[in-house]
Structures are given as structure tokens and as C-alpha cells.
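S.K.: generate a structure from the sequence data that follows.
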Amino acid sequence: MDAYRLSEDAEADIRRLYRYGIETFSLTQADLYFDGLFERFGQIAERPHLYPSVEHIRPGYRRSVFGVHSIYYRVGPNGRVDIMRILGREDTNALP
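M.R.: Here you go, the predicted model:
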């Protein structure tokens, strides 16, 4: 599996989503969603060009939809995937 890195914003997004999942659905459901997110990160790292480019949102960014969230990422020249944000209905202006 190729490497990926989470930005500080993406790490904060994950913590926020996990807390929301626990409060809204249950610890079990939050854990399942959390595990699924990390599985998707691995899939993105393995085949980063599988998911569509979203140049109209941010140059160089791609997006993978997982559940009700969009995972925004970019692929570096060394092939490493940088997961930038995990957003739901939030404004894409929040992207770095």
C-alpha cells in the first residue's frame, strides 16, 4: 500500500466526526464509520487517480465520497497522498 498523510485539518475533521458519531448514533456506529474512513484512505493511497479531480474547487485536488462525507486529497510528485479535509455539507471554501 502506498503512503498517505493526514493534514492537521483532516485530523481535526476526523476527531469532530468521531465525537459527532458517538453523540448522535453510538460508540459502535462511530467506530464502524471511523474504521471505514481509514479503509477508504488506504484505497485512495493504493489507487489515487481512481477518484475524480475537482480542479473547479481547488487546483490539484481530487475527491472520494464516503458515506455523507467528501474526502479531499491531492497526490504529491512522490506519489504520496495528502488527505486535506473530510467535509460533509461544509463549505468547500474551508479547503486549504
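S.K.: where does the residue nearest in space to the middle of the chain sit: helix, strand or coil?
M.R.: Nearest residue to the geometric centre of the chain (Cα atoms, centre = their mean): Ile71, 3.0 Å. Of the three states, Ile71 takes strand under DSSP: H, G, I helix; E, B strand; the rest coil.
S.K.: pLDDT wise, what is it at?
M.R.: Ile71 carries a pLDDT value of 97.
S.K.: can I assume Met84 sits in a helix?
M.R.: No: assessed with three-state DSSP, Met84 is strand; it does not lie in a helix.
S.K.: from Thr28, how far off is it?
M.R.: 29 Å (Cβ to Cβ, to the nearest Å). (Each C-beta comes from the backbone N, C-alpha and C, glycine too.)
S.K.: tell me the first helix or strand C-terminal of the longest helix anywhere in the chain.
M.R.: For the chain, the longest helix by residue count, based on DSSP state H, is helix 27-46. Following helix 27-46 in sequence order, the next helix or strand is strand 61-66 (DSSP states H and E).
S.K.: now Tyr73. Nearest residue, chain neighbours left out?
M.R.: Ile83 (4.8 Å; Cβ to Cβ, 6 or more residues apart in numbering).
S.K.: flag the shaky bits of the chain, pLDDT-wise.
M.R.: 1-2, 90-96 (pLDDT under 70).
S.K.: try 90 this time
M.R.: 1-3, 77-79, 88-96 (pLDDT under 90).
S.K.: how many neighbouring residues does Glu46 have?
M.R.: For Glu46, the count of nearby residues is 12 (other Cβ atoms under 10 Å).
S.K.: and it, how far from Ala30?
M.R.: 25 Å.
S.K.: give me the contact list for the helix or strand harbouring Asp9.
M.R.: Per DSSP H and E, Asp9 falls inside helix 8-24. Where contact means Cβ atoms under 8 Å, 6 or more residues apart in numbering, the residues beyond helix 8-24 that reach it are 6, 29-30, 33-34, 37, 69, 83-87, 94, 96.
S.K.: now it: buried residues?
M.R.: Asp9, Ala10, Asp13, Ile14, Leu17, Tyr18, Gly21 (16 or more other Cβ atoms under 10 Å).
S.K.: no more questions from me, cheers.
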